[in-house]
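>>> no sequence for this one, just the structure:
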């Protein structure tokens, strides 16, 4: 089983975090700042399994999209990337 990294109320698979950084150039350590941002928009990710998509500004000032899987005590970061134009629109309009 791959190691799990814990940061406050979030956790993630260390191997998945490395893979995500290689693909999207977004670290999960940066991604955890997105849902905490006061202006972040939260949406159902559409997967049908209860995951959330947070779109908001990271601590480094980038607009990111983060997929979160709520799991009891902690929420698990699944993926993170720079927001697409459509995600940016959702962020600006809060889904309206």
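Structure's in. What do you need? Quick caveat, the model's predicted, so the values are computed rather than measured.
>>> can you give me the helices in this protein?
Taking DSSP state H to define them, one finds helices in the chain at 14-24, 28-31, 33-36, 85-93.
>>> okay, residue 1: pLDDT?
Looking at residue 1, its pLDDT is 59.
>>> if we can go back for a sec, if you compare the helices of the chain, which one is most tucked away?
helix 28-31 (a mean of 22; mean count of other Cβ atoms under 10 Å). In this view, the C-beta of every residue, glycine as well, is placed from N, C-alpha and C.
>>> okay, the helices of the chain in CSV with mean pLDDT and distance to residue 78 next?
Formatted as CSV, those follow (pLDDT from 0 to 100; distance: least, Cβ to Cβ, whole Å):
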stretch, mean pLDDT, distance to residue 78
helix 14-24, 97, 8
helix 28-31, 96, 9
helix 33-36, 93, 12
helix 85-93, 91, 15
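>>> Spatially central residue for this structure, please.
residue 66 (1.8 Å; Cα atoms, centre = their mean).
>>> can you list contacts of stretch 22-39?
The set of residues external to stretch 22-39 that reach it, using Cβ atoms under 8 Å, 6 or more residues apart in numbering, is 5, 7-8, 10, 12, 17, 20-21, 40, 42, 54-60, 62, 64-66, 68, 75, 77, 79-82, 91.
>>> now do the same end-to-end measure for it.
End-to-end distance of stretch 22-39 (Cα to Cα, to the nearest Å): 27 Å.
>>> can you give me how far that stretch is from the chain middle?
Taking Cα atoms, centre = their mean, to the nearest Å, the mean C-alpha location of stretch 22-39 is offset from the chain mean by 6 Å.
>>> do the same with stretch 85-96
15 Å.
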